[in-house]
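Peer 1: Sequence first, predicted coordinates after that:
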Amino acid sequence: MNGNQPGAVGAGRQPQLRNPVLARRLPVRDPSVVPLADGYLILFTRKGEGSVADRAHWRIGCVRTRDFVSYEPLPDLSADGYASPGDLVRWHGRWLLPYQTYPGERNRLVYVELERTADGLARKGEETAFLDEARELPWNERGRLIDPTFVRHGDTLHCYFTGSRPIAGGCGHANLLGHAVTDDPELRRWQIVSAEQPLMGVMEDAPDGVENVAVFHNGSVWVMIYSAGLVEQHVGWATSDDLYAWQVHGRLELSLQHWMRDKHGAPFVWREPDGWRMLLMGDTDGYTSFGMLASTDGLSWQPLPEEGPG
């Protein structure tokens, strides 16, 4: 989150909300929130029924809500074969939303230009690939790019992204965080800050790396909240004075609820008049849903009250 206007989930309305705030029959993943004048759009990765390897089962889904209690389904934002929406940012007079191709071995980062309307968002063209050169970074051994997050700060657009490398002596891969910046209105020319080594990656509490970052300024410092680990996913946090050098603080301690019992990650953070909100993906018995957390300072977080697990 990096510039969205505050929404309407204030402290006075919070007691009516219960976690999880959004649960669907088919899996929901990777939330992104766009505050509106009278509510919110929630963008997310929508996984359809069928093989995870079939691109026809992956799209950017969208719902509208006024209160995080009732929801109006909207048409999918993307065609088949896309996932993981990032932050909607205003860049040189255009609203841009980044996401990724999925599935595949060499995923690409893309963005789409959107128009903000009275009803929400409307597309203004097809997806445009960007930052393909990061697929060739020496540490990005699998040559794939996923989970883009845009942060606009002054005349610079930052993009945090994830690459991957095989786990030494084991199965699967580890995800590593990259960082690039541009001042190009068309997003064609990038300086890759993390060209020689990733910004963040394998850590003691995340042996298979990190992904899905949320970046925002809490009034004192830049804060990054990220998914730590894949098999035993949780969230970690880091802080920075300049968006370039980050101090990693490790696991973000949260009070666990039933909807997030097995895993939790893919955070998205936005500003409200009385503090900060986080939408978080939780996993219990392979079933994913979204829950909400609140914070007054963006550093310590409490989940909303929970509905009974039944």
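Peer 2: Cool, got the structure. Bear in mind that the values here come from a model prediction, so they are computed numbers and not experimental data. Residues are numbered from 1 along each chain as shown.

Peer 1: shaky segments in this protein?
Peer 2: Low-confidence segments of the chain (pLDDT under 70): 1-15, 169-170, 308-310.

Peer 1: give me the number of residues near Thr128?
Peer 2: Neighbour count for Thr128, taken as other Cβ atoms under 10 Å: 15. Quick note: C-beta positions are derived from backbone N, CA and C, even for glycine.

Peer 1: ugh, wrong one, I meant Arg59
Peer 2: Quick note: Arg59 (other Cβ under 10 Å) scores 22 neighbours.

Peer 1: so who does it touch?
Peer 2: By Cβ atoms under 8 Å, 6 or more residues apart in numbering, the residues touching Arg59 are 45-46, 48, 76-83.

Peer 1: repeat that for 10 Å
Peer 2: 44-48, 75-83, 102 (Cβ atoms under 10 Å, 6 or more residues apart in numbering).

Peer 1: cool, and Leu176?
Peer 2: Counted by Cβ under 10 Å, 6+ apart, Leu176 has contacts 137, 139-142, 161-165, 194, 197-202, 209-211.

Peer 1: Apply 7 Å and report the result again.
Peer 2: Going by Cβ atoms under 7 Å, 6 or more residues apart in numbering, Leu176 touches 139, 162-165, 198, 201, 209.

Peer 1: Helix or strand: which one has it?
Peer 2: strand 173-182 (DSSP states H and E).

Peer 1: Can you name the next helix or strand after that strand?
Peer 2: Criterion used, DSSP H and E; the element after strand 173-182 is strand 191-192.

Peer 1: Just checking: what are the partner strands of the helix or strand just after that following strand?
Peer 2: On the C-terminal side of strand 191-192, the closest following helix or strand by DSSP H and E is strand 210-217. Here strand 210-217 has these sheet partners by DSSP bridges: strand 222-228 (antiparallel).

Peer 1: From the chain's centroid, how far away is the partner strand?
Peer 2: What separates the centre of strand 222-228 from the centre of its chain is 10 Å, taken as Cα atoms, centre = their mean, to the nearest Å.

Peer 1: Could you export it as PDB, CA atoms only?
Peer 2: What follows is strand 222-228, C-alpha atoms only, in PDB (Å, rounded to 0.1, in the frame of the first residue of the first chain):
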ATOM      1  CA  TRP A 222       8.900   2.500   5.800                       C
ATOM      2  CA  VAL A 223       7.500  -0.800   6.900                       C
ATOM      3  CA  MET A 224       7.500  -4.100   4.900                       C
ATOM      4  CA  ILE A 225       5.300  -7.000   5.900                       C
ATOM      5  CA  TYR A 226       6.000 -10.200   3.900                       C
ATOM      6  CA  SER A 227       5.200 -13.900   3.600                       C
ATOM      7  CA  ALA A 228       8.000 -15.800   5.200                       C
END
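
Peer 1: hmm, who's touching the helix or strand following it?
Peer 2: Next along the chain after strand 222-228, taking DSSP H and E as the criterion, comes strand 234-240. Residues outside strand 234-240 that contact it (Cβ under 7 Å, 6+ apart): 206, 221-228, 246-252, 264-265, 267.
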